[in-house]
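# okay, sequence plus prediction incoming.
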Amino acid sequence: MDNINKTKTSLAKFEEFFSTVYKDEVMEVLEKYPEERTLVVDYENLEMFDPDLADLLIEKPDEVIAASQKAIKNIDPLMKDPKLDIKFKNVSNCIDFVNADSKYIGKLISFEAKVMEAKEPKPILDIAVYECRGCMSLREIPQTINSSLEPSLCPECGGRSFRLLQDESEFLESQLLIVSSDDTSKSLKVLLLRDECSFDLYSMGQEVRITGILKSFSSNYGYEYFLECNLIEILNDSEDSEYDEYGNRNSPEYRTWQKVVIDSDRVCQCCGGSKHLEAHHIFSYQNNPSYRVNLENGIALCKWCHSKYHSYYGKDASPKSLIRFLKRFGRYDG
């Protein structure tokens, strides 16, 4: 009962907050909906408006964010029935990446880390539509991020057999990042949703600040952590800044080296793909400065294989690690 009362209170408070403090921002998004569906809220503004509501957001983010989304619908003067993504920046619950552990499960946290691997975006079920095999009636079942929910009983005929209608169901875009920190060997899976997903926005070594809800999922090895991202902010535009101390990757000579390596191989030497190719150093860029633009010291890898290689072997590339990588993941037969 206490949680129900808190949810009702959160809803009323958000309706007031959006109608007063964030009135202009809300109207700007609603006027552009559905092309624009993201509203970014400064946590400091929410804390000034109502400290208790801000604290509750940290402790019960799933319920509070859901209340904020419903509040937008309730006050929408345009009657668009919007499904907005409410994102929060400058969250006070900032922690060191290495400290993201069980005491934070279910809470909204923020930390800085580096991207180690960026998976390809893919769709996941948001609203599943099931058809009863007995009477053909339909049921819509909202899905959760880490589990699939199916109907157990048809309310029309009592049947227990259903089939998923993919064409009638609603999907949303998702993407998995693997992030880590220089201070630890620990890594964490980060789930991005909707407009945070991108084929080419994230790259290995990129520094990011991530705000999200720490959760767990069951695997073959017990329970593992993952972070359901609410907001991701890129702190450096590319991986170049990570390597400034070792040399200039923006020089004309380096750009020429990249182009020649990619044009020579034409496809990824691991998976054989031809899209999003990058030049990989056989002898590491970091430890072999005289080989950095040597045309014999490079092969083409696609963005995903390149990121996977460095997530396994770090920056210290070598011919031996490359051969091991290609034997394990690619088409290498030497």
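That came through fine.

# only C-alpha atoms from now on, for both contacts and neighbour counts.
Fine.

# surely residue 25 and residue 38 touch.
No: counting by C-alpha atoms under 8 Å, residue 25 stays clear of residue 38, with 10.3 Å between them.

# out of these two, which sits in the busier spot?
residue 38 (18 against 14; other C-alpha atoms under 10 Å).

# show the pLDDT at residue 332.
The predicted structure scores residue 332 at 54 on the pLDDT scale.

# strands along the stretch 101-250 of the chain, start to end?
Using DSSP state E, counting those that start in this stretch, the strands assigned to the stretch 101-250 of the chain run over residues 108-118, 122-132, 138-142, 162-164, 170-181, 184-193, 207-219, 222-234.

# from the chain's centroid, how far away is the fourth one?
Here strand 162-164 is found 29 Å from its chain centre; the criterion is C-alpha atoms, centre = their mean, to the nearest Å.

# would you mark the buried spots in that strand?
Within strand 162-164, the residues that count as buried by 16 or more other C-alpha atoms under 10 Å are 162, 164.

# domain-wise, how is this structure divided?
Following automatic domain parsing, one gets these domains for the chain: 2-89, 93-237, 239-329.

# CSV for the ones you listed, including mean pLDDT?
As requested, those are arranged in CSV below (pLDDT from 0 to 100):
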stretch, mean pLDDT
domain 2-89, 91
domain 93-237, 90
domain 239-329, 82
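
# for the strands of the stretch 101-250 of the chain, which one sits closest to residue 154?
Each of these was checked against residue 154 via C-alpha to C-alpha, and the shortest separation belongs to strand 122-132, namely 6.7 Å.

# phi, psi for the residue in the chain sticking out farthest from the centre please.
Relative to the mean C-alpha coordinate of the chain, counting by C-alpha atoms, centre = their mean, the farthest residue is residue 157 (40.8 Å). Here the main-chain torsion angles of residue 157 (degrees, to the nearest 10) amount to phi -120, psi 0.

# number the chain from 48, please
OK, 48 is where the count begins now, so the last one is residue 204.

# return the residues in contact with it.
With contacts defined as C-alpha atoms under 8 Å, 6 or more residues apart in numbering, residue 204 is in contact with 181-182.

# now the closest residue to residue 263 other than its chain neighbours: how far from residue 249?
The shortest distance from residue 263 to any non-neighbouring residue, by C-alpha to C-alpha, 6 or more residues apart in numbering, is to residue 272 (4.4 Å). Between residue 272 and residue 249 the distance is 21 Å, computed by C-alpha to C-alpha, to the nearest Å.

# which residues touch the residue nearest to residue 263?
By C-alpha under 8 Å, 6+ apart, the contact set of residue 272 is 148, 235-236, 261-264.
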